[in-house]
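Asks: coords please:
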Amino acid sequence: MPVKIPDNLPAIAQLKSENIFVMDDLRANTQDIRPMRVIILNLMPLKISTETDFIRLLSNNPLQVEIEFLRLDTHTPKNTPMEHLELFYKGFKEVSDNYYDGMIITGAPVELLAFDDVSYWDEMKMIFDWARTHVTSTLYICWASQAALYHFYDIRKVPLDKKLFGVFKHTALDKRHPLFRGFDDEFYIPHSRHTTLADDDLEAATEVEILARSEEAGVAIAASRGGREFYLTGHSEYAPWNLHEEYVRDLEKGAEIAMPQYYYAGNDPENGPVVRWAGHANLLFNNWLNYFVYQETPYDLSEVAHLGAIKPHS
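Replies: From the prediction side, this is the model:
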């Protein structure tokens, strides 16, 4: 099924070139079904690239998904034209009375700051609390996962000696969990971060369930409230060249950065990346939309406020 996205969004041209079916507002309004409403708080610096990455994944499922993009009211991004934000994004005050089937909150380039030192931290806390009463299930990604775990459960992020950068092998702790339906015994996820979460801290939080981990990258996926919240420390949504572009950007800035691990063919940037995460990324997002959004969300979205933890799936 197609995804419904705002008219003239720059991602449309790229996605159509990949034979991904996108639908504008005019056509979607002629279909007599209620699409899944998913809102994406996009905190990444390169917003157009991030928009494309998530739409690509959300489109690869049999449900119609209506996507909205959210920006912060208390922060103005430096790398995105204001016209783009005004055309395609809504401020939090505009949506605070709305209800959504699903929400995605991305990573942000503030990882090395203490949470309380982030200029928009107060607004982030408001959004985290709002999502619990206005969204059926929320995906927190990279920095957002650490921030939400800190806000809800006082779990602190731990600085790494060097940047965790590359594509790492993972395993699911419970292969029968619906999030991993169709997964192989081993799967890969890109990571790009300077901090991590300690297993001991996560295990001490009895409301948090560790779902997948890596010997080298640590905890990759955790959940709470029966799947109403998922915490993803990596970037399954990344397109093939994202890590390369980050690597080149860091090199050009003169940053101390090692080549991304397990990423380039023959470990040589000249050969380009070997994509080994895309299949499982599609399964991950499809399973989330199916088992934790579509099958759990009330038809009347205002009832989300009274929705309890999602019951365990058999």
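Asks: could you check how many residues crowd around residue 273?
Replies: Residue 273 has 21 neighbours, counted by other Cβ atoms under 10 Å. (Glycine included, C-beta is placed from N, CA and C.)
Asks: now the one 10 residues further on
Replies: The local packing of residue 283 (other Cβ under 10 Å) involves 19 other residues.
Asks: and it, that's in a helix?
Replies: Yes - counting by DSSP: H, G, I helix; E, B strand; the rest coil, residue 283 is part of a helix.
Asks: that one contacts residue 184, correct?
Replies: No - using Cβ atoms under 8 Å as the test, residue 283 is too far from residue 184 to be in contact (9.6 Å).
Asks: in what element of secondary structure is residue 223 found?
Replies: strand 218-224 (DSSP states H and E).
Asks: helices along the protein, start to end?
Replies: 11-17, 25-28, 47-58, 82-88, 92-95, 121-134, 143-153, 199-204, 242-253, 278-287 (DSSP state H).
Asks: could you export the third one as PDB, CA atoms only?
Replies: Going back to what we said before, that points to helix 47-58. Extracted in PDB, the C-alpha atoms of helix 47-58 (Å, rounded to 0.1, in the frame of the first residue of the first chain):
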ATOM      1  CA  LYS A  47      16.000  16.400   7.600                       C
ATOM      2  CA  ILE A  48      15.200  15.700   4.000                       C
ATOM      3  CA  SER A  49      17.500  12.700   3.900                       C
ATOM      4  CA  THR A  50      15.900  11.400   7.200                       C
ATOM      5  CA  GLU A  51      12.400  11.900   5.800                       C
ATOM      6  CA  THR A  52      13.200   9.800   2.800                       C
ATOM      7  CA  ASP A  53      14.700   7.000   5.000                       C
ATOM      8  CA  PHE A  54      11.700   6.600   7.100                       C
ATOM      9  CA  ILE A  55       9.100   7.000   4.400                       C
ATOM     10  CA  ARG A  56      10.900   4.200   2.400                       C
ATOM     11  CA  LEU A  57      10.500   1.800   5.400                       C
ATOM     12  CA  LEU A  58       7.000   2.800   6.300                       C
END
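Asks: and the strand holding residue 223, what other elements does it pack with?
Replies: Counting contacts by 3 or more Cβ pairs under 8 Å, 6 or more residues apart in numbering; DSSP states H and E, strand 218-224 is packed against helix 143-153, strand 187-197, helix 199-204, strand 208-214, strand 229-232.
Asks: lowest-confidence stretch among these?
Replies: Mean pLDDT per stretch puts helix 199-204 lowest among these, at a mean of 93.
Asks: who's in contact with that helix?
Replies: 149, 155, 156, 158, 208, 210, 213, 218, 219, 222 (Cβ atoms under 8 Å, 6 or more residues apart in numbering).
Asks: hmm, back to that, what's the most buried one of the helices and strands packed on strand 218-224?
Replies: Most buried of those, by mean neighbour count (mean count of other Cβ atoms under 10 Å): strand 229-232, with a mean of 26.
Asks: please save the CA atoms from that strand in CSV.
Replies: Written as CSV, here are the backbone C-alpha positions of strand 229-232 (Å, rounded to 0.1, in the frame of the first residue of the first chain):
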residue,chain,number,x,y,z
GLU,A,229,7.5,2.0,23.7
PHE,A,230,10.5,0.6,21.9
TYR,A,231,14.0,1.9,22.3
LEU,A,232,16.4,1.4,19.3
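Asks: pretty sure residue 65 contacts residue 36?
Replies: Yes - at 4.9 Å, residue 65 and residue 36 qualify as touching, with contact defined as Cβ under 8 Å.
Asks: hmm, back to that, now the strand holding residue 223 - C-alpha only, CSV.
Replies: What follows is strand 218-224, C-alpha atoms only, in CSV (Å, rounded to 0.1, in the frame of the first residue of the first chain):
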residue,chain,number,x,y,z
GLY,A,218,25.6,-3.8,23.3
VAL,A,219,21.9,-3.5,23.8
ALA,A,220,20.2,-2.6,20.5
ILE,A,221,16.5,-2.9,21.2
ALA,A,222,14.6,-2.6,24.4
ALA,A,223,10.9,-2.2,25.2
SER,A,224,8.6,-1.1,28.0
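Asks: can you list the strands that that strand pairs with?
Replies: strand 208-214 (antiparallel), strand 229-232 (antiparallel) (DSSP bridges).
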